[in-house]
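**Q** after the sequence you'll find the predicted model.
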Number of protein chains: 2
Amino acid sequence: LQPLDSTATHIRVNTLRLREDFEYLARIGAKITYNGTPPAINRLALSPEDLQARAWFAERVEEAGLLLRDDDAGNLSGFLPAENKGAQTLLVGSHLDSVPDGGRYIGTIGVLAALECARTIHESGLKLPFNLEVMDFTDGEGCWQSLFGALGVAGLLQPIHINDIHNDNAPFRAALVRAGINPNDVFNSKRSPSTLLGYLELHIEQSYRLDQAGVSIGVVEAIVGRSTYHVNFFGQAAHAGTTNMSLGTRKDALQGAAAFITRAHDFVRANYDEGTLNFGDISVQPGKFNMIPSRCRLTMECRHTSEDILAEMEAAILALGQECAETYDLTMQPTRLIHMPAAVMAEPFVEAAEHACETLGVSHMRLSSFAGHEAQIMSTITPCGMIFIPSVGGVSHNPNEFSRWEDVVNGANTLLHTILALAE
Amino acid sequence: LQPLDSTATHIRVNTLRLREDFEYLARIGAKITYNGTPPAINRLALSPEDLQARAWFAERVEEAGLLLRDDDAGNLSGFLPAENKGAQTLLVGSHLDSVPDGGRYIGTIGVLAALECARTIHESGLKLPFNLEVMDFTDGEGCWQSLFGALGVAGLLQPIHINDIHNDNAPFRAALVRAGINPNDVFNSKRSPSTLLGYLELHIEQSYRLDQAGVSIGVVEAIVGRSTYHVNFFGQAAHAGTTNMSLGTRKDALQGAAAFITRAHDFVRANYDEGTLNFGDISVQPGKFNMIPSRCRLTMECRHTSEDILAEMEAAILALGQECAETYDLTMQPTRLIHMPAAVMAEPFVEAAEHACETLGVSHMRLSSFAGHEAQIMSTITPCGMIFIPSVGGVSHNPNEFSRWEDVVNGANTLLHTILALAE
């Protein structure tokens, strides 16, 4: 190993180049607004806009003299090799895709800061004892399958992610094929853990703890666990006007689901300070104004930073659902779709990030992440670290998502010096 | 006027022919089942299946020696002229279209019994002092626009029913054009009230009052008024995991809508014995499992047999919605889409139907209809009457919708003798 020069403490990313990249990317998939509000970003994974962003990223990678790579799950990367051919690889990055009508920062600044770090290190002539690989993971936002690319790298992709088991995945397979990805080959994206040094990611906090505390950098200790469900209530279709309004007669799937939504939220608010619950989508059949809904399907998501408490919370919520079903003379059927276990960040990565903050003289605090991230998946095979910058007002997944530019720059430099600290 | 022969009291419909028609029609648009349960009927208005049923009906009309007619709203009819050229016309009928996955009786038996009455009268050589016109009204179930054909005949069609004002009506216009109906001409279907003697309809009760009371025929006195709304709740999209669960922070449109559904049902159950409420459809935006719903749209329907009480009930329900919106830091916006006023049946028609029951020796009772019907619209321009037969278990708008065949026959003969009673 070649020790780093002490002048390395003075190295910084090129903020003008980072800004230029940020501004360019913020126009890809942006809906034009005419009233001065920020544009909504629509770079849904594998959409033409996402593919445009990926092509742009590939050009930047080659322009920077990095090696352009991709894998069979569509993950795209820029590779800066160490001198030692047998060196392990430190992955650094995030994702360029967005939620529908999302903001300009999520994922994007993680990829751009990682790219900028690799360019800065490459230009400086510093020799790292590991390969550095700048990652753009496929479908970080789960437009098709949540954290799809990271699941591929971690060897966790299952046939359920591609084939039609709980869902009709045909449109996803079509999108993969259009993007040049063979759905049968995605499992090949698995990497051997022995080749990896770890995974590091810069991200916006998506909450307001840093913003409210006036602290520049959050060093993530743990990432929330997350389970998603389809919860179906089954009743009986009947004419809305001629069927008696009494509970015993009307088997209205939507009434049961509505009571469940209210009671489950009240329950989590009252009992789980660290838990969150969301019903993000709902649909009923037959869906006519003069028909009592015979079926209601809810999309439910539960999160908690403790795996054990998450499991207990999920069970209690489903028991409430069962009670609501009985009250309205319905049956309930929950299907757990995805479980992303809560993850703990590696202490050496946490300390490296704190060391970087000290080197840079920026304020920092440890915190948990209430959103899922690639690091959650990657931590199942390799040590991980995450660095957060403040989100103003805690707004995210929204065009008004905003982080101050000085915080983005602080974040990029913290990422750079965390990489350098890991090299020492 | 030519008085009817006293032998007319002994005339009856041809039950075998009626049964044959019923069985044939029950196969048009029927989903095959493999387990012996009744097939779900799908003859959505203007669908290929509905057009097939209409073509079949047109053949029966011509075969029976009636004049086949249609109008610019797609209403199809068989006309049996009186000898007097200036005679008024008694309309008798219903609709052949169905709800999605509906049953075999609704609408269908009204049209088939009317056809059978016209055939029976025509064959018997009885001369009526009025023209008899067997109607198949367009879109009785409101797959596109509730009671569209009747609105046309009554001169109540408005541009809103065809053009894109509250809704995107382009698919409806396309369906009209495919069925050979010019959307710009539908207003021409208006009839002059002076040409009409009245409108008479046989229908299943869609409730269980007759079935529970063991009474064969219900003579309708009044039809429930009905209003439909879109109720929108507006909140703020945000990340489901990172946004605090407290009410002040999360502006979750679906939580507000869910509380409204529960509270509105409880309120109507507690305060309005004769009122019904239904939320038949619901949708949220953006509809992703990790996004707090920013908008929720509910489809709401209110019914009451009294116009005044209906108005009061609607206002109270919307006030509850406003309270729910405030509780969850949302805004609410209701849009009233359709109002079908409560209707009173003409006393001479009610008495004619009761007279028919007495002639036939079948039990009867007066009641209100909690479902909307063509008669509700037709009553704005001409006297109306309705005859109900028992629905077993009160089930309707469902493949299990069932009426005993003897009740169908009783209903058809009651319809026949009501026509004859009006002729006297």
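**A** That came through fine. Numbers count the residues shown, from 1 in each chain, chains lettered A, B, ... in the order given.
**Q** max-length helix in chain A?
**A** Determined from DSSP state H, the single longest helix within chain A is helix A:307-327.
**Q** any residue of that one up close to chain B?
**A** No - Helix A:307-327 does not reach chain B (C-beta under 8 Å from any C-beta of the partner chain); its nearest approach is 9.8 Å. For every residue, glycine as well, the C-beta is placed using N, CA and C.
**Q** and that helix, which residues are buried?
**A** A:Ile309, A:Leu310, A:Met313, A:Glu314, A:Ile317, A:Leu318, A:Leu320, A:Gly321, A:Cys324, A:Ala325 (16 or more other C-beta atoms under 10 Å in any protein chain shown).
**Q** now that helix: mean pLDDT?
**A** Helix A:307-327 shows a mean pLDDT of 97.
**Q** same check, this time on stretch A:374-390
**A** On average, stretch A:374-390 scores 96.
**Q** return the member of the buried residues of helix A:307-327 nearest to B:Ala237.
**A** Checking those against B:Ala237 by C-beta to C-beta gives A:Ile317 as the nearest, at 22.8 Å.
**Q** residue contacts, the closest one?
**A** Each residue near A:Ile317 by C-beta atoms under 8 Å, 6 or more residues apart in numbering or on different chains is listed here: A:Ala264, A:Phe267, A:Val268, A:Leu277, A:Met300, A:Cys302.
**Q** chain B next: which of these are close?
**A** Applying C-beta under 8 Å from any C-beta to the contacts of A:Ile317, those adjacent to chain B are A:Val268, A:Leu277, A:Met300.
**Q** save those residues as TSV, and put in pLDDT and neighbour count too.
**A** TSV is the format used below for those (pLDDT from 0 to 100; neighbours: other C-beta atoms under 10 Å in any protein chain shown):
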residue	pLDDT	neighbour count
A:Val268	97	22
A:Leu277	97	22
A:Met300	98	26
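**Q** quick check: the residue nearest the centre of chain A vs B:Leu18, distance?
**A** Closest to where the C-alpha atoms of chain A average out (C-alpha atoms, centre = their mean) is A:His373, at 3.9 Å. Using C-beta to C-beta, to the nearest Å, A:His373 is found at 68 Å from B:Leu18.
**Q** can you check A:Ala264 too?
**A** As judged by C-beta to C-beta, A:Ala264 and B:Leu18 stand 53 Å apart.
**Q** who's more crowded, those two?
**A** A:Ala264 (25 against 22; other C-beta atoms under 10 Å in any protein chain shown).
**Q** how about the nearest residue to that one, chain neighbours excluded?
**A** A:Ile317 (5.1 Å; C-beta to C-beta, 6 or more residues apart in numbering or on different chains).
**Q** and A:Pro348, by the same measure?
**A** In space, A:Pro348 is closest to A:Pro383, 6.7 Å off (C-beta to C-beta, 6+ apart).
**Q** low-confidence regions, chain A specifically.
**A** For chain A, the stretches with pLDDT under 70 are A:1-7.
**Q** quick one, strands of it?
**A** A:67-70, A:76-80, A:89-94, A:131-136, A:196-204, A:217-223, A:225-234, A:276-285, A:295-304, A:331-340, A:343-344, A:364-369, A:384-389 (DSSP state E).
**Q** please identify the most buried of the ones you listed.
**A** strand A:384-389 (a mean of 28; mean count of other C-beta atoms under 10 Å in any protein chain shown).
**Q** which other helices and strands does that one contact?
**A** strand A:196-204, strand A:217-223, helix A:347-360, strand A:364-369, helix A:374-378, helix A:405-423 (3 or more C-beta pairs under 8 Å, 6 or more residues apart in numbering or on different chains; DSSP states H and E).
**Q** closest to chain B out of the ones next to chain B among the contacts of A:Ile317?
**A** A:Val268 (6.3 Å; C-beta to the nearest C-beta).
**Q** isn't that closest one up against A:Thr276?
**A** Yes - taking contacts as C-beta atoms under 8 Å, A:Val268 lies within contact range of A:Thr276: 7.2 Å.
**Q** what is in contact with those two at once?
**A** By C-beta under 8 Å, 6+ apart, A:Val268 and A:Thr276 have these common neighbours: B:Met245.
**Q** list the contacts for whichever residue of the stretch 51-200 of chain A sits closest to chain B?
**A** With C-beta to the nearest C-beta, the shortest gap between the stretch 51-200 of chain A and chain B falls at A:Pro100, namely 5.1 Å. For A:Pro100, the contacting residues are A:Asn42, A:Leu44, A:Cys143, B:Pro286, B:Lys288, by C-beta under 8 Å, 6+ apart.
**Q** how many other residues sit next to the third one?
**A** Yep, that's A:Cys143 we're talking about. Quick note: A:Cys143 (other C-beta under 10 Å) scores 21 neighbours.
**Q** give me the distance between the closest residue to A:Glu314 other than its chain neighbours and B:Asp50.
**A** Once flanking residues are discounted, A:Glu314 sits nearest to A:Cys302: 5.2 Å by C-beta to C-beta, 6+ apart. Distance check for A:Cys302 against B:Asp50: by C-beta to C-beta, it reads 45 Å.
**Q** now do A:Ala315
**A** Using C-beta to C-beta, one gets 48 Å for the distance from A:Ala315 to B:Asp50.
**Q** same question, A:Thr305
**A** Distance from A:Thr305 to B:Asp50, by C-beta to C-beta: 56 Å.
**Q** the two: who's more crowded?
**A** Using other C-beta under 10 Å as the criterion, A:Thr305 and B:Asp50 rank with B:Asp50 on top: 27 against 19.
**Q** ok, which stretches of the stretch 51-200 of chain A are helices?
**A** A:108-124, A:148-153, A:170-178 (DSSP state H, counting those that start in this stretch).
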